[in-house]
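Novice: Starting from these lines, generate the structure:
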Amino acid sequence: MTRKVLKIALCALLALIALVSIERPTAHAQADTELIILMRGDLWAYSEATNTLRQLTRWGYNQQPVMAPDNQRVAYASAAEIALPALQRFGEAPSLPPTNIWVWSLVSGQAVRVAQQPVNASFGTGMPTETYIRRGTPIWSPDGLRLAWVESVVVGDQVSHNLAIYDTLSNRLRSLTPIEVEGLTTLLGFDAPRWDASIALRASGLSGQLYSEVLLFFRADGQLLGQFRVQEGSGAVIQHYEWASLNGQPYVAALFSNNAWLLINPLNGSRLNAPSVVERFSPYAPNAVSAYFLIDPDNVGYRWRGVADGVEVALPFGGLPDQLSIAPSGRAIAWAAEDAVYILRGGQTRKIFGTERQPGDTRPMAVAWGYNVWRVQPTGLVQLPTPQPVPECNLATRLSIGLRARVTTFPPQANALNSQPARPSRDSRSLLLATIPVGGTMVLLNGPICNDGVLWWQVNYNGIIGWTGEGAEGVYWLEPLTAADACPPLLPPRLRIGGIARVTPGAPNALRTQPTVNAQLSRVIGNIPGGQSFSVLNGPICADGYTWWQVAYQGMVGWTPEGEGATYWLEPLP
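Specialist: Numbering: from 1, shown residues only. Predicted coordinates:
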């Protein structure tokens, strides 16, 4: 190792020590409570003092915890009991499940359900008969006395949206305000609200064929104060937003996809460029550690940096703001990485053992330690980067609304199906609903929308409605489905995912690695004899004139065709 490299490493180490060793107690300083962790669908509590990790909930379908201003309660959404059969069978598909809202007391160790499903609620029975309420992430009022969340009421194929405000003192719903967004012909969704001077809510949708984003502002009693269009067309879109103070004045700070922070005045919607980065910190230790992030131009995530006393250092973390939290004392930072949860304190980063992600577990991880707020960093400490050009979509679309498409066989990669036309690693609103395998087919419902250099289409894939990319940077991920590639018209699919089926008596069925007879893309891994049964895992996929199903047979997993012409080779078993 050269002397120059050693010098750089020593400076980085000193910066890390400075970052988390500065102690400036204030009149409101608080001791660090247990770190709350969301992992494996449940809430856990980690104590640094005893180095112990304990499980708080045992449900498996809880969502992001949000710390109250008193650092003694967390609020979170949780999948309702009526969703359990569908969740166990399909995961988060075929649609986002109905949810309830809970508040967990760190003092009493008890949880209270503050919002539940209506008596006649049902889920997983099909669109015409389903009735349920889907609630988003709750947010606390600055005084910790109220909660707010967006709830979507589903009745059959009709969906209405409300802003709910709950009073924690009287334990009752204080107001329920219908949300009406002006100028949007198609509503795509809402982000979790933000609460400071008022309640801010971001909505996204289509205005004709143009992608648009609107900020709505509500009073504490739910009354609408105003709404302002903040983006329309193919320009930069909001990646994240928070209330942030600048010289004592509250603004909504929005990070756009070109790496520019803009401050939006809640009174008139006027905008100004942030003079510096927007950082999060503990209000109980405002002069201790802070952290900020910007878009990573070389990756699909973010770049995080920690700051203390004018010294900043890169954090080994590139996730969403929901996955990082600063301790109440302002002396430590925790984050949920892809593999586990980590804590930075005293110049040392260490993994919390027992938080390792289990193989095959794709559920989100998050942390909530102290109640954090945001501010615009004083001018001159950190210079903002020059805003980047908005990534353009240079691909000419080959698809049309109402037609069918499929995932291309080259490159042989699956397509993500998201809840929003955005990458989940960049936009916290966008959730991964499913993965569409190579050759998977879908119906095109809406689009295209250009975002982050990707052409997005709203599609229906096996009953799951979401957004998937047509391609980017000169490479197509989807292709139009030609008549030759369509499923046999005389063989309507009879199997279902999760069911049991068998090969009809007679000749065996080949089991292939991919749903195609192209020998360069797929190889035969075995045969299923006539009369033998198997489990249906995925499908159907239409390719090469066949209807393909992914199945499991005697330890082998592969794809096999349902039939040819007017003859079925597979049949469902009761």
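Novice: tell me the secondary structure for the residue nearest to residue 301 when sequence neighbours are not counted?
Specialist: Nearest non-adjacent residue to residue 301, counting by Cβ to Cβ, 6 or more residues apart in numbering: residue 318, 3.7 Å away. (Glycine included, C-beta is placed from N, CA and C.) Under the three-state scheme (DSSP: H, G, I helix; E, B strand; the rest coil), residue 318 adopts coil.
Novice: Also residue 83?
Specialist: Three-state assignment for residue 83 (three-state DSSP): helix.
Novice: Number of residues surrounding it?
Specialist: Residue 83 is flanked by 25 other residues according to other Cβ atoms under 10 Å.
Novice: quick one: it from residue 100, how far?
Specialist: Residue 83 sits 10 Å away from residue 100, going by Cβ to Cβ, to the nearest Å.
Novice: pretty sure the residue nearest to residue 301 contacts residue 302?
Specialist: Yes. With contacts counted by Cβ atoms under 8 Å, residue 318 reaches residue 302, the gap being 5.5 Å.
Novice: Near the nearest residue to residue 181 once chain neighbours are set aside, how many other residues are there?
Specialist: Of all residues not flanking residue 181 in the chain, residue 203 sits nearest, at 4.7 Å (Cβ to Cβ, 6+ apart). Here the number of neighbours of residue 203 (other Cβ under 10 Å) works out to 22.
Novice: quick one: the helices in the protein?
Specialist: In the chain, the helices defined using DSSP state H lie at 3-21, 84-90.
Novice: coming back round to it: more crowded one of residue 318 and residue 302?
Specialist: A side-by-side neighbour count of residue 318 and residue 302, using other Cβ under 10 Å, places residue 302 first with 23 against 18.
Novice: quick one on the thing from earlier: just the pLDDT for the residue nearest to residue 301.
Specialist: Residue 318 is assigned a predicted lDDT (pLDDT) of 92.
Novice: quick one, what contacts the residue nearest to residue 181?
Specialist: Residues in contact with residue 203 (Cβ atoms under 8 Å, 6 or more residues apart in numbering) are 179, 181, 184, 187, 189-191, 213-216.
Novice: separation between the residue located most distally from the centre of the chain and residue 558?
Specialist: Here the chain reaches farthest from its C-alpha mean at residue 506, the gap being 47.4 Å by Cα atoms, centre = their mean. Residue 506 sits 20 Å away from residue 558, going by Cβ to Cβ.
Novice: now residue 416
Specialist: Taken as Cβ to Cβ, the span from residue 416 to residue 558 is 23 Å.
Novice: Comparing those two, which residue is more hemmed in?
Specialist: Using other Cβ under 10 Å as the criterion, residue 416 and residue 558 rank with residue 558 on top: 24 against 18.
Novice: How much space separates the more buried one from residue 564?
Specialist: Distance from residue 558 to residue 564, by Cβ to Cβ: 18 Å.
Novice: where along the stretch 251-400 of the chain do the strands fall?
Specialist: 261-264, 271-273, 278-281, 290-295, 302-308, 311-314, 324-326, 332-336, 341-345, 348-351, 366-368, 373-376 (DSSP state E, counting those that start in this stretch).
Novice: Give me the sheet partners of the third one and which way each runs.
Specialist: Looking at strand 278-281 with DSSP bridges, its partner strands are strand 290-295 (antiparallel), strand 373-376 (antiparallel).
Novice: Mind exporting the C-alpha coordinates of the longest one to PDB?
Specialist: This means strand 290-295. Provided in PDB are the C-alpha atoms of strand 290-295 (Å, rounded to 0.1, in the frame of the first residue of the first chain):
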ATOM      1  CA  SER A 290     -27.000  14.800  10.400                       C
ATOM      2  CA  ALA A 291     -27.300  12.900   7.100                       C
ATOM      3  CA  TYR A 292     -28.200  13.800   3.500                       C
ATOM      4  CA  PHE A 293     -28.500  12.000   0.200                       C
ATOM      5  CA  LEU A 294     -28.500  12.600  -3.500                       C
ATOM      6  CA  ILE A 295     -29.200  10.400  -6.500                       C
END
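Novice: returning to that earlier point: and the helices of the chain, which one's lowest on average pLDDT?
Specialist: Note on the helices of the chain: helix 3-21 shows the lowest mean pLDDT, a mean of 38.
Novice: Pick out the residue nearest the middle of the protein.
Specialist: residue 431 (3.5 Å).
Novice: Got the domain ranges for the protein?
Specialist: The chain is divided into the following domains under automatic domain parsing: 404-481, 488-572.
Novice: out of those, deepest packed?
Specialist: The highest mean neighbour count among the domains of the chain, using mean count of other Cβ atoms under 10 Å, belongs to domain 404-481: a mean of 20.
Novice: for that domain, what is the average pLDDT?
Specialist: 85.
Novice: Can you add distance to residue 72 and give the domains of the chain back as CSV?
Specialist: Converted to CSV, those look like this (distance: least, Cβ to Cβ, whole Å):
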stretch, distance to residue 72
domain 404-481, 25
domain 488-572, 43
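Novice: Mind checking those for the one nearest to residue 368?
Specialist: Shortest distance between residue 368 and those, using Cβ to Cβ, is found for domain 404-481: 14.4 Å.
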